[in-house]
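> Give me the fold of what follows.
(2 chains)
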There are 2 protein chains.
Amino acid sequence: MGSRANGVAGDRTGTSNGGGATVDKGVDFANYFCTYAFLFHQKEMLSDRVRMDAYFNAIFQNKHHFLEKTVLDVGTGSGILAIWSAQAGARKVYAVEATKMAEHARELVKANKLEGVVEVIEGSMEDVTLPEKVDVIISEWMGYFLLRESMFDSVICARDRWLKPTGVMYPSHARMWLAPIRSGLGDQKMNDYEGAMDDWFCFSNETQTYYGVDMSVLTKPYSEEQKKYYLQTSLWNNLHPNQVIGTGAIIKEMDCLTATVNDILNVRASISSSITAENTRFCGFGGWFDVHFRGCKENPAQQEIELTTAPSEDNSTHWGQQVFLLHPPLRVREGDGLIINFSMNRSEENHRLMEVDLSCEIRQSSGNNFPPFKNKFYIE
Amino acid sequence: MGSRANGVAGDRTGTSNGGGATVDKGVDFANYFCTYAFLFHQKEMLSDRVRMDAYFNAIFQNKHHFLEKTVLDVGTGSGILAIWSAQAGARKVYAVEATKMAEHARELVKANKLEGVVEVIEGSMEDVTLPEKVDVIISEWMGYFLLRESMFDSVICARDRWLKPTGVMYPSHARMWLAPIRSGLGDQKMNDYEGAMDDWFCFSNETQTYYGVDMSVLTKPYSEEQKKYYLQTSLWNNLHPNQVIGTGAIIKEMDCLTATVNDILNVRASISSSITAENTRFCGFGGWFDVHFRGCKENPAQQEIELTTAPSEDNSTHWGQQVFLLHPPLRVREGDGLIINFSMNRSEENHRLMEVDLSCEIRQSSGNNFPPFKNKFYIE
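Numbering: from 1, shown residues only, chains lettered A, B, ... in the order given. Next comes the predicted model:
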């Protein structure tokens, strides 16, 4: 709740909605942008030391990319990346922010004596006009599991319109990862679901008894709604590394300099994973991402920086990981192999949310195979 | 979260927004209606026995209002009121519902063998056309503290367009109440606020130390944002009657047959209350409402029914009460008098949410007077 928002923003061109219907800006604000207008939310992100260290180091250990250069910060929020870019020696920084947070960013820039360099522009990236093209586009656009919120669409739009041919992207690369996990959450959610259904049956009986109305026709849709909510919606969690029970696999790799909206409309991968934990419960999958700051071929970073959101004991981030639970969990052994087909698309109702089709086959080291299973998940 | 929704619906005519700018339907759906499309939310309301009993008894103890009559159910949700109206002998019931919940209502009507009488219409009340005027308009439109959600605008619209001159409203009357209370919530929220500010100062220092950015210019807006959130936003609570420390006073009375949108745009009252508890902490105010089913003068109810959401040990409702906290609380004695000026208006950003200006003077029975104070609150 105090983290990434639930919906996604309007775009006039239609391309930022993957070529679908243009998203109404008001709807987008109500669903998505509005969370970012709160200082509380900005502070949450600014308090994420792993995130802050990565961007700070990426900038200040690569000053050659910034010194006397022009920079565009897409979705500047509080203005932090724009401010660092200016402190690293940028000649000019355009800091674009769609919400009223832009007013606070302007104040922060001024209080840090950088109003000569940083120009905060309130507006959506798809609508604003800059006086010039830029050398660097910097943005912290990553949502849960990388693509939730579909903010990268706006970065692509900015890049295609405003990045010089010789320009660099910060970050330059991004990857999505998946691994089998164990977790107590599955039991918890199954209990919650079963509790909700027990409760439904009491309710349905009482409504018949006291009020003469037969609710039983709604049992099926009610159970589907609760199943989706409790069992099929991916969860935010901070996984401990020892909850990862098999090898992680990359399901998406992206070059931020060349990726198109089409490239990210559907994330599809066939991967395999090997169970590394001995005799354990395979409860589902954990998904996370990493980004890298490498510059580009013609203009590489001097110091490559990585920002990873992989399960970590000491370096967890506000992104956590996304957990996709299996019901029931399955017992697996070290050496068992998983063949996984993963497919993620944008939700029709809200292009900033995702739907996942995940099928999995287990090849046990004993030679037996579990029947393959196929699950649908929702990233809300 | 599992209760009344956060925003309010779009209306083509503009009158349902109190004469202000027409509210965009998509925005309204994203902010408001969408919650009601969930069976989980409908079930919450259907599980409220006090609510259910009141409407059930109002209908079945006044069958003369329904027998062979035409009925309009505004915002039918699951269809329950429409179904009861039909079971009470209505000739025809139009059940209007803006969300996809209408599909479930249709199923429920059919499962209860009433499809010959109840016609479920999916659409917003402001847009639909009925084939005839009706004898009864029934609706469960009340939000927290009665008017949150501003759904009564849609009932007014329905009444003005579709109620016969001889028709009756179910409910027929509504009142808003206010009383001084004691509560531990004030201390809790003040602790939360102070904790948030302590945390801010650590954050601000660390950001300067580790990242070279001076955040102090944001301290004031951050503190105002937290103050609004923790101290000035009214809370949902289920008050126990012994938390009410003084006489309750009516701040609004409404005849549902004649009320106009103008009448409810601004709720203004000057009231007095007498402290009834001995030597206690005056921590703020509790607000609630009641509605009555009296029919109308020409066509009264045979059995008048009351639905009250006043603090109650055994008969609490899902509406709870709205709590407006004072910081700091004040010590008062039995017999002390409060002179209260209350003014509530719709929020500019969202006409379904409210802003309250509340000023209060304490006339102590000892003869001393506290200085009057004035507070702003937000009903979100």
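> drop to CA atoms for contacts and neighbour counts, all remaining ones
Noted.
> Excluding sequence neighbours, find me the nearest residue to A:Val109.
Closest residue in space to A:Val109, ignoring its immediate chain neighbours: A:Glu115 at 5.8 Å, by CA to CA, 6 or more residues apart in numbering or on different chains.
> Poorly predicted segments of chain A, please.
For chain A, the stretches flagged by pLDDT under 70 are A:1-23, A:29-33.
> List, one by one, the residues from it near chain B.
A:24, A:26-28, A:30-31, A:38-40, A:47, A:56, A:80, A:83, A:104, A:107-108, A:111-112, A:203, A:211, A:213-215, A:217-218, A:222, A:225-226 (CA under 8 Å from any CA of the partner chain).
> Out of the residues you listed, which end up buried?
Among those, the ones that count as buried by 16 or more other CA atoms under 10 Å in any protein chain shown are A:26-28, A:30-31, A:38-40, A:47, A:56, A:80, A:83, A:104, A:107-108, A:111-112, A:203, A:213-215, A:217-218, A:222, A:225-226.
> rewinding a little: count of residues packed around the residue nearest to A:Val109?
A:Glu115 sits with 18 neighbouring residues when counted by other CA atoms under 10 Å in any protein chain shown.
> Helix or strand next in line after the helix or strand that contains A:Met190, which one?
For A:Met190, the element it lies in under DSSP states H and E is helix A:185-211. Scanning forward in sequence from helix A:185-211 by DSSP H and E, the next helix or strand is helix A:219-227.
> Does anything pack onto the very next helix or strand once past that following helix? Which helices or strands?
Counting by DSSP H and E, the next helix or strand C-terminal to helix A:219-227 is strand A:235-237. With contacts defined as 3 or more CA pairs under 8 Å, 6 or more residues apart in numbering or on different chains; DSSP states H and E, strand A:235-237 has these neighbours: strand A:321-332.
> partners of the following helix or strand past the strand it packs on in the sheet?
Per DSSP H and E, the first helix or strand lying C-terminal to strand A:321-332 is strand A:337-346. Strand A:337-346 has the following strand partners under DSSP bridges: strand A:266-274 (antiparallel), strand A:354-363 (antiparallel).
> Out of these, which is the most enclosed?
strand A:354-363 (a mean of 20; mean count of other CA atoms under 10 Å in any protein chain shown).
> Name the surrounding residues that touch that one.
By CA atoms under 8 Å, 6 or more residues apart in numbering or on different chains, the residues outside strand A:354-363 that reach it are A:148, A:336-347, A:369-380.
> ok, of those, which come out buried?
Buried members of the contacts of strand A:354-363, counted by 16+ other CA under 10 Å: A:148, A:336-346, A:376-380.
> so the closest residue to chain B within chain A, which of the three states?
Here chain A gets closest to chain B at one residue, A:Val27, 4.4 Å apart by CA to the nearest CA. Here A:Val27 takes the helix state, with states given by DSSP: H, G, I helix; E, B strand; the rest coil.
> Next: A:His104.
What three-state DSSP gives for A:His104 is helix.
> wouldn't it be in contact with B:Leu218 here?
Yes. Between A:His104 and B:Leu218 there is a contact at 7.1 Å, judged by CA atoms under 8 Å.
> So which bits of stretch A:123-143 are buried?
Of the residues in stretch A:123-143, A:123-126, A:133-143 count as buried by neighbour count, 16+ other CA under 10 Å.
> farthest pair in those residues?
Distance extremes for the buried residues of stretch A:123-143: the farthest pair is A:Lys133 and A:Gly143 at 26.4 Å, using CA to CA.
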